[in-house]
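Novice: Next come a sequence and a model predicted from it.
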Amino acid sequence: MTGLRLFCSLKHGEEKAKLYYVANAEEWAYVEKHCIECNLTAMDTYIHANTDRYKCKIPKELKAYRN
């Protein structure tokens, strides 16, 4: 859902990244359910790497997004 999931996963581990992702999904659902006006906008997520070291981790992150 968010580009920060990649950062969280690399920096804090997969489990914390999953918790972050679930929390964001629940917040999104709450805002929609209660028709809260807050300029929340759905956007595409992009996975990228700044170095070759992290480039090899992109397929793993992509797999995590799809699960």
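Specialist: On my side now, so go ahead.
Novice: contacts and neighbour counts: CA atoms only from here.
Specialist: Noted.
Novice: Stretch 44-51 spans what distance, first to last residue?
Specialist: 22 Å (C-alpha to C-alpha, to the nearest Å).
Novice: Equivalent analysis for stretch 47-54, please.
Specialist: Counting by C-alpha to C-alpha: the opening and closing residues of stretch 47-54 are 11 Å apart.
Novice: Report the buried residues of stretch 34-49.
Specialist: Of the residues in stretch 34-49, those buried by neighbour count under the rule 16 or more other C-alpha atoms under 10 Å are Ile47.
Novice: so how far is that stretch off the chain centroid?
Specialist: A distance of 10 Å separates the centroid of the chain from that of stretch 34-49, by C-alpha atoms, centre = their mean, to the nearest Å.
Novice: That one - what's its average pLDDT?
Specialist: Stretch 34-49 shows a mean pLDDT of 82 in the predicted model.
Novice: likewise stretch 57-67?
Specialist: Stretch 57-67 shows an average pLDDT of 76 in the prediction.
Novice: same question, stretch 17-26
Specialist: Model confidence over stretch 17-26 averages 81 on the pLDDT scale.
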